[in-house]
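**Student:** dropping the sequence and predicted coords here.
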Amino acid sequence: MASIEGVFADKAPKPLPQFSQAVKYNGLVYCSGNIGLDPITQTLVEGTITDRARQALKNLSAILEEAGSSLNKIIKVNIFLTSMADFAAVNEAYDEVITTQPKPCRTCVAVHQLPFMTDVEIECTAVVD
């Protein structure tokens with residue numbers, strides 16, 4: 001049986017003690033949800049939801065690289081928004097970063113609240129080399 005391995009990337013925000021940035025298991029890496037936190041200041045990036053989505057994807061990229069994967073190997077994405085009115089603005093950042101074909105499977109849902117009062121959170125699963 002394959003073992004479960006935790007992943008920690010210095011170039012991404014530190015996780016809360018209740019979870020890992022990601023775990024690797026059986027050729028896949030499962031990334032926890034990421035918000036638009038700057039990994040140096042540990043605060044939300046200022047600007048628009050598009051800016052925070054870009055930062056969340058940048059954080060995921062750092063975690064995936066540490067795990068031996070990349071944004072190009074994502075197979076499933078889950079996006080959480082506090083307002084579906086922001087769907088197009090988040091898609092702007094997503095389309096800049098996720099350019100592979102076929103596109104990953106994706107779910108986007110609206111939720112009541114997100115950690116640290118942000119407006120977008122993104123998690124993903126990817127293949128590990």
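**Tutor:** Good, I have the coordinates.

**Student:** and for the closest residue to P104 other than its chain neighbours, the neighbour number?
**Tutor:** Spatial nearest neighbour of P104, excluding adjacent residues (C-beta to C-beta, 6 or more residues apart in numbering): I74 at 4.5 Å. For glycine as for every other residue, the C-beta is placed from the backbone atoms N, C-alpha and C. Per other C-beta atoms under 10 Å, the neighbour tally for I74 reads 25.

**Student:** wait, doesn't I74 sit right on I98?
**Tutor:** Yes. I74 lies in contact with I98 (C-beta atoms under 8 Å); the separation is 6.9 Å.

**Student:** pull up the overlap in contacts between those two.
**Tutor:** Any residue near both I74 and I98 by C-beta atoms under 8 Å, 6 or more residues apart in numbering counts here, and that gives P104.

**Student:** so which residues of the protein form strands?
**Tutor:** Assigned by DSSP state E, the chain shows strands spanning 5-7, 22-25, 28-34, 74-81, 105-110, 120-127.
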